[in-house]
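Chemist: Kindly return the folded structure for what I paste below:
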Amino acid sequence: MSDRERTSPKDWATLGEFNGFLAENGEIDYLDAIFVDMCGTVRGKRFPSEEADKVFTAGVQMPQSLYFFDVTGVNEDVLGMGFSDGDPDAQAHPVSGSIVPVPWASMKQAQVLMTMVDGEGEPLMLEPRNVLANVVARLADIGLKATVACEFEFYVLDKDMDRKGRPQPPINPATGIRETANEVYGITELDGFMGLLKEIDEAAASQGVPASGATAEFAPGQYEINLKHEDDVIRAGDHAVMLRHLIGTIARKHNFLASFMAKPFVDQTGNGMHVHCSLMDEKGRNIFDDGSDEGAPRLRHAIGGLQATLGDAMAIFAPNLNSYRRFGPNLFVPVNRAWGYNNRSV
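Modeler: Take a look at the predicted model:
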């Protein structure tokens, strides 16, 4: 056995947990066993109710390649995985605490998050969630625990492209007029889309996703929704993925598209995802905060580490060509390794 922390049955949802969910929420027509790939796309398999029990008693066999599809769902046979190796299956098990209703579905549905193990029963390290769990374990080894919160910026778009095949801002349901204003933090800009935003808020609450406030951002049809801080980093990651997923799904239900693309419009501000992070010691003290305005030396050490590894990290922070269209002056986007206090441009 390796030094990686082995996923144990106590981390897996049981049939008893599923039956408890049904007792509280009522019978369902379908259960979605869902997986999240490296691009944050939710994939999976839908089981009719009469087959749902086996997800919790026997698990599910799925191709491990589903974790490294590209954003279009194509398997690029990366490192010979997918086509060259015959696309082998791996065993997946439901994650305890992740059974939730699917309130936007047309039928009575539930979903459960799945996690994969390799042939030795250890966490499959192609799965992003398992990679994060390994990082959490390494922090715990040195007596530290992270607290994080994510913020998502996104565009609400018209479901139809313009005459040149380009995305376009939505028509405001309240006015019947296409959005054109750049009214950052405008309340009126929220009013017209409150049907959509309210359903997003209700769906998040139904799924236990701790969404917080919504704001209008710097472009027509652009919004931001925040998540509350959580000291369970893995669960925070689950919630971030599910918030992004439900925003997109409910937008389609309202005949809009939601785009988290870095730069949907060349002449408008881009989308970002902000991650707030603190590190706590074993007594629950923030190691970055020593009471001074400058913060503790370990804060500056952490910033220095981020600066030193920034080149490699760009594969995550800016994973495609469109990401680089977002970088430029006067856009609240960092363009170098500089850092400053309370400064959105660095």
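Chemist: Is residue 126 in a helix, a strand, or coil?
Modeler: Assigned with DSSP: H, G, I helix; E, B strand; the rest coil, residue 126 falls in the coil class.
Chemist: what's the answer for residue 32, then?
Modeler: strand.
Chemist: got any ranges where the protein has weak pLDDT?
Modeler: Within the chain, the stretches with pLDDT under 70 are 1-8.
Chemist: biggest strand in it by residues?
Modeler: Looking across the chain with DSSP state E, the single longest strand is strand 145-158.
Chemist: after that strand, next one along is what?
Modeler: As assigned by DSSP states H and E, the chain's next helix or strand after strand 145-158 is helix 187-191.
Chemist: List the buried residues for that next one?
Modeler: Applying a neighbour-count criterion of 16 or more other C-beta atoms under 10 Å, one finds 189, 190 buried in helix 187-191. In short, each C-beta sits where N, CA and C put it, glycine included.
Chemist: by contact count, what packs against the helix or strand just after it?
Modeler: Scanning forward in sequence from helix 187-191 by DSSP H and E, the next helix or strand is helix 194-206. In this structure, helix 194-206 packs against strand 211-216, helix 233-253, with contacts taken as 3 or more C-beta pairs under 8 Å, 6 or more residues apart in numbering; DSSP states H and E.
Chemist: just checking, what packs against the longest strand of the chain?
Modeler: Helices and strands touching strand 145-158, by 3+ C-beta pairs under 8 Å, 6+ apart, are helix 128-141, strand 222-227, helix 233-253, strand 256-259, strand 273-280.
Chemist: picking that back up, what would the helices and strands packed on helix 194-206 look like in CSV with mean neighbour count?
Modeler: Output for the helices and strands packed on helix 194-206, formatted as CSV (neighbours: other C-beta atoms under 10 Å):
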stretch, mean neighbour count
strand 211-216, 18
helix 233-253, 20
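Chemist: Which of these sits closest to residue 31?
Modeler: helix 233-253 (15.8 Å; C-beta to C-beta).
Chemist: tell me the angle of that closest one relative to strand 273-280?
Modeler: Here helix 233-253 runs at an angle of 160 degrees relative to strand 273-280 (axes from the mean of the first three to the mean of the last three C-alpha atoms, to 10 degrees).
Chemist: My understanding was that residue 28 contacts residue 50; is that so?
Modeler: No: Residue 28 lies out of contact with residue 50 (C-beta atoms under 8 Å); the separation is 10.8 Å.
Chemist: Among these two, which residue is more densely surrounded?
Modeler: Neighbour count, other C-beta atoms under 10 Å: between residue 28 and residue 50, residue 28 has more, with 22 against 7.
Chemist: Can you tell me how far residue 266 is from residue 217?
Modeler: Separation of residue 266 from residue 217 (C-beta to C-beta, to the nearest Å): 17 Å.
Chemist: In terms of packing, which of those two has more residues around it?
Modeler: Neighbour count, other C-beta under 10 Å: between residue 266 and residue 217, residue 217 has more, with 23 against 8.
Chemist: neighbours of the residue nearest to that one when sequence neighbours are not counted, just the number please.
Modeler: Sequence neighbours aside, residue 224 is the residue nearest to residue 217 in space, at 5.4 Å (criterion: C-beta to C-beta, 6 or more residues apart in numbering). For residue 224, the neighbour count with other C-beta under 10 Å is 20.
Chemist: correct me, but residue 246 touches residue 203?
Modeler: Yes: assessed by C-beta under 8 Å, residue 246 is found in contact with residue 203 at 4.9 Å.
Chemist: so what's in contact with the two at the same time?
Modeler: Shared contacts of residue 246 and residue 203 (C-beta atoms under 8 Å, 6 or more residues apart in numbering): 104, 209.
Chemist: Of all the helices and strands packed on helix 194-206, which one is nearest residue 41?
Modeler: Among the helices and strands packed on helix 194-206, helix 233-253 comes nearest to residue 41, with 8.4 Å by C-beta to C-beta.
Chemist: neighbouring contacts of the closest one?
Modeler: Contacts of helix 233-253 (C-beta under 8 Å, 6+ apart): 36, 40, 42, 95, 97-98, 104, 113, 128-129, 132-133, 135-136, 146-150, 152, 154, 156, 159, 196, 199-200, 203-204, 207-211, 225, 227, 230, 257-258, 260, 273.
Chemist: so how far is it off the chain centroid?
Modeler: Distance of helix 233-253 from the chain centroid (C-alpha atoms, centre = their mean, to the nearest Å) equals 6 Å.
Chemist: Could you do stretch 252-270 as well?
Modeler: On the basis of C-alpha atoms, centre = their mean, stretch 252-270 sits 16 Å off its chain's mean C-alpha point.
Chemist: buried ones in it?
Modeler: 254, 256-265, 268-270.
Chemist: Let me see the domain layout of this protein.
Modeler: 9-130, 145-287 (automatic domain parsing).
Chemist: Now restrict the contacts of helix 233-253 to buried residues only.
Modeler: Using 16+ other C-beta under 10 Å as the burial test, these include 36, 42, 95, 98, 104, 113, 128-129, 133, 136, 146-150, 152, 154, 156, 196, 199-200, 203-204, 207, 209-211, 225, 227, 230, 257-258, 260, 273 as buried.
Chemist: Verify the stated contact: residue 196 with residue 256.
Modeler: Yes: the pair residue 196 and residue 256 qualifies as a contact (C-beta under 8 Å) at a distance of 6.8 Å.
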